[in-house]
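Trainee: pasting the sequence and the predicted model now:
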Amino acid sequence: MYILVTALREIKFLSQVDHQNVVKLKEVVSSKPSESTRGKGSVYMVFEYAECDLVGLMKTAKLKEAHIMCLMKQLFEALHFAHKNNILHRDIKPSNVLVNGEGIVKLADWGLCRQALPGGKFTNRVVTLWYRAPELLLGEQQYTSAIDMWAMGCLMAELLLGKAILPGKDEIDQLKKIFDLCGTPGQGNWPKGWDNLPMAKELQVFKTDAVPSQVQLRFASLSAQARDLVLKMLELDPSKRITASQALDHDYFWGTDPKPSLPSMIPVPKGDGLHEFQLKEAEAARVQERNKHHDGGHHHHHHDKKWKRVSPVKH
């Protein structure tokens with residue numbers, strides 16, 4: 001039977017772990033090859049149920065800062081557990097963060113995870129574009145768990161500001177957006193190593209005048225502690241980025257009010273259709289319905305949009 005390597009990785013990792021903030025794999029079920037599956041069997045992974053993902057939660061609930069603190073704290077717990085066991089998630093984004101009815105976060109979609117072996121070389125074509133760390137975009141193959149922390153910085157800022165902070169159109173645009181926000185590398189913010197990465201030599205982005213960091217300005221509306229934690233994750237230099245265990249000790253969670261809420265206080269919406277792919281399908285159906293009305297009742301063939309799971313719904 002043919003199983004995708006991503007499925008094998010996910011099954012292997014999840015069958016070995018037990019953590020309340022990592023999604024539980026209940027069982028793996030296989031079906032026999034048949035004509036309809038062109039002689040190939042299928043493998044189904046059965047997971048515990050979660051009411052929504054972060055995309056659905058952001059779209060439908062009014063999240064207060066205390067709720068966001070609670071969500072982030074649970075996410076850092078899941079990542080600290082993975083990183084301690086030398087596992088990189090490599091695909092952190094809002095649609096891969098599930099939340100159940102009790103407000104418990106379940107980090108899901110471990111299909112891209114892999115063991116971080118010192119000195120090992122891995123593919124840099126990982127992490128959805130908007131959450132991809134600068135070293136990956138520059139072609140680094142010997143990266144560390146710092147790539148997950150960059151994605152967490154993007155995710156936390158998105159929760160606090162209500163919209164994605166680095167919505168790049170392609171890899172070059174993504175790097176440009178990162179450097180517009182964090183400053184051009186080389187001014188002490190990433191002093192060594194970045195310019196030896198494969199893409200650094202080819203890119204025009206660096207040939208322009210050095211841009212100073214805009215982070216303080218862009219995140220001015222955040223509380224001082226929230227801003228400090230986000231900035232420590234959005235360090236250009238991966239060696240300077242805060243770790244998941246350091247993030248759990250950050251004053252943001254232990255300092256002044258508000259304190260993180262209890263998970264049960266998070267206003268998790270009830271009902272179906274509260275995951276990113278369902279929201280996109282519903283939106284596509286609405287667009288199709290609107291177009292039908294605009295056509296004055298004339299019948300047109302509408303091409304089904306093939307939704308790519310690349311990014312959260314824009315707010």
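Mentor: Arrived safely, thanks for sending.

Trainee: thinking E27 is in contact with F47, fair?
Mentor: No. Using Cβ atoms under 8 Å as the test, E27 is too far from F47 to be in contact (9.5 Å). (Glycine included, C-beta is placed from N, CA and C.)

Trainee: for those two, indicate the residue with more neighbours.
Mentor: Neighbours per residue (other Cβ atoms under 10 Å) separate E27 from F47, with F47 holding more: 16 against 9.

Trainee: so that one versus V127, what's the distance?
Mentor: Distance of F47 to V127, computed by Cβ to Cβ, to the nearest Å: 21 Å.

Trainee: wouldn't S145 be in contact with I242 here?
Mentor: No. Using Cβ under 8 Å, S145 is not in contact with I242, being 11.0 Å away.

Trainee: shared neighbours of these two, anything?
Mentor: Shared contacts of S145 and I242 (Cβ atoms under 8 Å, 6 or more residues apart in numbering): none.

Trainee: burial measure for the closest residue in space to D91 that isn't next to it in sequence, as a count.
Mentor: Spatial nearest neighbour of D91, excluding adjacent residues (Cβ to Cβ, 6 or more residues apart in numbering): L112 at 4.4 Å. Number of residues near L112 (other Cβ under 10 Å) recorded here: 19.

Trainee: got it, and Q115?
Mentor: Neighbour tally, Q115, other Cβ under 10 Å: 12.

Trainee: contact partners for the residue nearest to D91?
Mentor: 6, 9, 89-91, 126-127.

Trainee: again, 7 Å this time
Mentor: By Cβ atoms under 7 Å, 6 or more residues apart in numbering, the contact list for L112 reads 6, 90-91, 126.

Trainee: turn those into a markdown table, columns for pLDDT and distance to W194.
Mentor: A markdown table is the format used below for these (pLDDT from 0 to 100; distance: Cβ to Cβ, whole Å):
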| residue | pLDDT | distance to W194 |
| --- | --- | --- |
| T6 | 75 | 29 |
| R90 | 91 | 20 |
| D91 | 93 | 23 |
| V126 | 76 | 18 |
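
Trainee: which of those count as buried?
Mentor: For the contacts of L112, a burial check counting by 16 or more other Cβ atoms under 10 Å picks out 90-91, 126.

Trainee: which among those gets closest to K106?
Mentor: D91 (14.4 Å; Cβ to Cβ).

Trainee: how close does the closest one get to R9?
Mentor: D91 is 11 Å from R9, by Cβ to Cβ.

Trainee: over to D170?
Mentor: 27 Å.

Trainee: is it true that H80 lies in a strand?
Mentor: No. Counting by DSSP: H, G, I helix; E, B strand; the rest coil, H80 falls outside a strand, being helix.

Trainee: and for it, the neighbour number?
Mentor: H80 has 19 neighbouring residues, counting by other Cβ under 10 Å.

Trainee: using PDB, write out every CA atom in stretch 130-139.
Mentor: What follows is stretch 130-139, C-alpha atoms only, in PDB (Å, rounded to 0.1, in the frame of the first residue of the first chain):
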ATOM      1  CA  TRP A 130       3.000  34.300   5.300                       C
ATOM      2  CA  TYR A 131       4.500  32.500   8.300                       C
ATOM      3  CA  ARG A 132       7.800  31.400   6.700                       C
ATOM      4  CA  ALA A 133      11.000  32.600   8.500                       C
ATOM      5  CA  PRO A 134      13.500  34.800   6.600                       C
ATOM      6  CA  GLU A 135      16.300  32.100   6.800                       C
ATOM      7  CA  LEU A 136      14.000  29.600   4.900                       C
ATOM      8  CA  LEU A 137      13.200  32.200   2.300                       C
ATOM      9  CA  LEU A 138      16.900  32.800   1.800                       C
ATOM     10  CA  GLY A 139      17.500  29.100   1.200                       C
END
